[in-house]
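Enquirer: build me a model:
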Amino acid sequence: MQWLAGTILSAVISSVITVGFLSALVTRLQIRIDHRNNGIKRVYAPGEHSRALKKQLAEARAIQLLALSGYGFTHAYRRILTDCVARGGTVEYLLAQPGTAYMKDAAESRQRGGLHLRGGRGDPEAAGAIRRDAAEKAGKQKAEPGRVLVRYFHTEMREQLILCTDQSGRRTACCRC
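Expert: As a prediction, the model looks like this:
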């Protein structure tokens, strides 16, 4: 009789776990469907890059970035940014103003501390290196290098935004959350 009670208890627990798992799966699929209805094609894991974004950046004559610090973007796409500037293109950063309460709040909310966000200054060494490398590369090709511009905003923002303008003037946008 004990084995019967154990079997029934085991079956009930298994059923509860299975129903919970299937319910979570259905909820996840519903979220995916909702994202597709909003025009979101795919969500990438941190550190994973879209081939389409890399292609857009590689073909762009102007790249504009709205971000807190631009640190991760600059390091992930440094070669592409350098090539853009070497071809005479422009890379523009619009970053959060250093030392503001907004930057302090952003650092705390991400549990990274202010140093990780570089105080809103992005990575000046990397921007300078992009300028130098692009000038050297353009000089070898007897071309005039483009520009790297850094500006700061004083208002709050929600998500990082990348704008690419191709050779024909068509502009595309990508939000990297």
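
Enquirer: lowest-confidence helix or strand of the protein?
Expert: Least confident helix or strand, the chain: helix 2-37 with a mean of 65, by mean pLDDT, DSSP states H and E.

Enquirer: what comes up buried for the helix or strand following that helix?
Expert: Using DSSP states H and E, the helix or strand that follows helix 2-37 in sequence is helix 51-59. Under the neighbour-count criterion of 16 or more other C-beta atoms under 10 Å, helix 51-59 has 53, 56-57 buried. Every C-beta, even on glycine, is put in place using the N, C-alpha and C of the backbone.

Enquirer: what's the answer for stretch 96-113, then?
Expert: Taking 16+ other C-beta under 10 Å as the neighbour-count basis, stretch 96-113 is seen to contain the buried residues 96, 100, 102-103, 106-107.

Enquirer: possible to save those as a markdown table with secondary structure, pLDDT and distance to A76?
Expert: Converted to a markdown table, those look like this (DSSP: H, G, I helix; E, B strand; the rest coil; pLDDT from 0 to 100; distance: C-beta to C-beta, whole Å):
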| residue | secondary structure | pLDDT | distance to A76 |
| --- | --- | --- | --- |
| A96 | strand | 82 | 19 |
| T100 | coil | 79 | 25 |
| Y102 | helix | 77 | 24 |
| M103 | helix | 76 | 21 |
| A106 | helix | 73 | 19 |
| A107 | helix | 72 | 20 |
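
Enquirer: and which of the residues you listed is nearest to S168?
Expert: Each of the buried residues of stretch 96-113 was checked against S168 using C-beta to C-beta; the closest is A96, at 31.8 Å.

Enquirer: what residue ranges in this protein score low on pLDDT?
Expert: Scanning the chain with the threshold set as pLDDT under 70 gives 1, 19-49, 110-124, 158, 176-177.
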